[in-house]
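Enquirer: this one's structure only:
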């Protein structure tokens with residue numbers, strides 16, 4: 001289980017780095033700035049909340065922080081879809097980032113479900 005946790009933590013960190021790079025590129029277009037801000041806010045929160053979960057004071061705290069991370073991942077997925085659909089950034093450029101967001105949502109969903117159903121320690 002430790003390797004899986006490290007994997008998702010590293011993935012969310014790299015994901016955040018990619019989001020920051022996209023944010024910088026979008027920032028040049030004044031009309032895209034509101035979307036860029038929403039994207040960077042949600043996209044960088046995924047990993048930071050997951051890091052907080054690791055330091056959770058209880059299992060309930062761990063689950064709560066993971067749920068917040070999942071919520072932020074879903075929001076990031078939404079912003080990426082909207083940015084692509086409105087051609088603020090060409091959809092082709094966002095394909096791998098949107099795919100990664102979707103995979104992170106799936107992984108975090110599984111973590112929350114598994115942690116929620118396992119017996120209390």
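Expert: Thanks, I have the structure now. Predicted model, so just to flag it, every value in this text is computed and none were measured. Numbers count the residues shown, from 1 in each chain.
Enquirer: Please report how far the closest residue to residue 85 other than its chain neighbours lies from residue 44.
Expert: Distances taken as C-beta to C-beta, 6 or more residues apart in numbering place residue 91 nearest to residue 85, at 7.6 Å, with adjacent residues excluded. Yep, even glycine has a C-beta here, placed from its N, CA and C like the rest. In this structure, residue 91 and residue 44 are 22 Å apart, going by C-beta to C-beta, to the nearest Å.
Enquirer: And the two? Which one has more around it.
Expert: residue 44 (20 against 14; other C-beta atoms under 10 Å).
Enquirer: Please name the residues that touch the more buried one.
Expert: 16, 19-20 (C-beta atoms under 8 Å, 6 or more residues apart in numbering).
Enquirer: what's the following helix or strand after the helix or strand where it lies?
Expert: In this structure, residue 44 sits in helix 33-54 according to DSSP states H and E. Sequence-wise, the next helix or strand downstream of helix 33-54 (DSSP H and E) is helix 59-85.
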